[in-house]
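Asks: sequence and predicted structure, then a few things I'm wondering about:
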Amino acid sequence: MKYRQREGWTHRDLLRLAHPVTGEPARRALFDLVCGRDAELAELPLYRAFLAANATSDVASWVRLIGTAGLSWEMLPDAALTEPDVWAALLDRGLPQTALLRQLPRLTRLGLLAPMSSRAAAVAAQLTDPQRLAAARVHPVNVLVAARTYAAGASGRSDRTWVPSAPIVDALDAAFYAAYGAVRPAGKRTLLALDVSGSMMSPAGGLPVSCREASAALALVTAATEPAHAIVGFTSAGSYRDAGLTPLAISPRQRLDDAVDAVSNLPFGGTDCALPMVWAREQGVEVDTFVVLTDNETWAGRVHPHQALAEYRAATGIPARLVVAALTPTKFTIADPADAGMLDVSGFDAAVPGLIADFSRGEV
């Protein structure tokens, strides 16, 4: 009822592969229903409510079924999702945090988030609730993407527009920082190396944020959640190809726009992906995970990154790992396919920060 298929796979496909057996009447009725057999609907009150909702066009009936049966928005017919009263009922019952983030434009178009309204105040309070953000595992990057999309007043995927509500814009700004508590730290000594070139103003993976803003956001999150970290930028040590690394003053107490300023207007150099390991070895810095964030520039200078990583491991005895993330989708290869401690990431979405952290912990 809520998720009827994903990528062409249905619940029926899953049951046919798994062949589950149960003696519970309600579960047996559910399996029968999914597989197209006669089912005892008396055992499935939620499904009966779903059928009732999809058999009517009466707004009052939809509102009643939301309240009495607990139907979620995914279970309702498309016509119901154009009705302000339906969404008011869904809000009253409680929208999950991630669903609320995605539905802000629709709620605004329907007039439910007008400035100074009690509804807008309630939604703003939910958006900034650290406990709700943590329980839903909403990463700050998720909030950032939602904030930029909402503030734009238009969707890049359709011609729909809305006038952003100021209390919601402010709430999304605050929610970015409140979501730090939702991040599961890798717990590793992390060196984050940022491309600071002008091309970082290009969009990150087709999202409404630039590569520069995405990298600055990840730097802030790293500073706020990883006890042992260092953040450096690829800057010029003379010519573009004669690149070096410069420590960046990024603090977890900074705002995102301040962090963006910290990585802007620097004398940028080439993104030599071997430099972080060379620099750490020369400076005697102990690092468990090296992370390089760039737009799509990934090249090697005097030494290849996998060789620099091997030399760092040999010199320090640390089984260090390396992640190179090109935030705009591009074809590149830095990682040695035979080295499980190296990872290439091409493109960017809200799942990338978690992937990097999981890899750093050795869980990927």
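Replies: Yep, it's here.
Asks: hey, let's count contacts and neighbours off CA atoms from now on
Replies: OK.
Asks: packing partners of the helix or strand where Ala259 lies?
Replies: Assigned by DSSP states H and E, Ala259 falls within helix 256-262. The contact analysis (3 or more CA pairs under 8 Å, 6 or more residues apart in numbering; DSSP states H and E) places helix 256-262 against helix 211-225.
Asks: what residues of the helix it packs on count as buried?
Replies: Neighbour counts over helix 211-225 (16 or more other CA atoms under 10 Å) mark 211-225 as buried.
Asks: Phe234 is in what secondary structure piece?
Replies: Residue-wise, Phe234 maps onto strand 229-236 under DSSP H and E.
Asks: run through who's touching the helix or strand following the helix holding Ala259.
Replies: Downstream of helix 256-262, the first helix or strand assigned by DSSP H and E is helix 275-283. Identification of contacts with helix 275-283 by CA atoms under 8 Å, 6 or more residues apart in numbering yields 191, 193, 244-245, 286-287, 290, 305, 308-309, 312, 315-316.
Asks: which among these end up buried?
Replies: 191, 193, 244-245, 286-287, 290, 305, 308-309, 312.
Asks: redo the residues you listed as TSV? Include distance to Pro45, pLDDT and secondary structure.
Replies: As requested, these are exported to TSV (distance: CA to CA, whole Å; pLDDT from 0 to 100; DSSP: H, G, I helix; E, B strand; the rest coil):
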residue	distance to Pro45	pLDDT	secondary structure
Leu191	53	97	strand
Ala193	54	94	strand
Gly244	65	81	strand
Leu245	62	88	strand
Glu286	59	97	coil
Val287	55	98	coil
Phe290	53	97	strand
Pro305	59	90	helix
Ala308	62	94	helix
Leu309	59	96	helix
Tyr312	62	97	helix
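Asks: can you list those in CSV and add distance to Leu256?
Replies: Output for those, formatted as CSV (distance: CA to CA, whole Å):
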residue, distance to Leu256
Leu191, 19
Ala193, 17
Gly244, 25
Leu245, 22
Glu286, 28
Val287, 25
Phe290, 22
Pro305, 30
Ala308, 32
Leu309, 31
Tyr312, 32
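Asks: tell me the one of the residues you listed nearest Ala151?
Replies: Nearest to Ala151, judged by CA to CA, of the buried ones among the contacts of helix 275-283 is Ala193 at 29.4 Å.
Asks: tell me how far the closest one lies from Val287.
Replies: Distance, Ala193 to Val287, using CA to CA, to the nearest Å: 12 Å.
Asks: over to Leu33?
Replies: 54 Å.
Asks: now do the strands in the stretch 101-250 of the chain.
Replies: Counting by DSSP state E, counting those that start in this stretch, the stretch 101-250 of the chain has strands at residues 190-195, 229-236, 243-247.
Asks: could you chop the protein up by domain?
Replies: The chain breaks down into these domains under automatic domain parsing: 95-182, 185-361.
Asks: mean pLDDT lowest where, among those?
Replies: Least confidently modelled of the domains of the chain is domain 185-361, at a mean of 89 by mean pLDDT.
Asks: circling back to that earlier point, and the helix holding Ala259, how far from the chain's centre?
Replies: 20 Å (CA atoms, centre = their mean, to the nearest Å).
Asks: just stretch 150-169 next, same as before
Replies: 19 Å.
Asks: stretch 182-192 now?
Replies: On CA atoms, centre = their mean, the centre of stretch 182-192 falls 16 Å from that of its chain.
Asks: cool, stretch 39-51 as well?
Replies: That offset, for stretch 39-51, works out to 35 Å (CA atoms, centre = their mean).
Asks: which residue packs closest to Gly153, ignoring adjacent ones?
Replies: Spatially, and ignoring its direct neighbours in sequence, Gly153 is nearest to Trp162 (4.9 Å; CA to CA, 6 or more residues apart in numbering).
Asks: nope, Val287 is what I meant
Replies: Here the residue nearest Val287, using CA to CA, 6+ apart, is Arg189, at 5.0 Å.
Asks: kindly report the same for Val138.
Replies: Of all residues not flanking Val138 in the chain, Ala182 sits nearest, at 6.1 Å (CA to CA, 6+ apart).
Asks: list the contacts of the one you found.
Replies: Per CA under 8 Å, 6+ apart, neighbours of Ala182: 130, 133-139.
Asks: 10 Å - rerun?
Replies: Going by CA atoms under 10 Å, 6 or more residues apart in numbering, Ala182 touches 130-140, 225.
Asks: then Arg160?
Replies: Contacts for Arg160 (CA under 10 Å, 6+ apart) come out as 105-106, 109, 153-154.
Asks: measure the residue of the chain most remote from its centre to Ile334 for me?
Replies: Distance from the C-alpha centroid of the chain peaks at Asp38, with 41.3 Å (CA atoms, centre = their mean). Distance from Asp38 to Ile334, counting by CA to CA: 56 Å.
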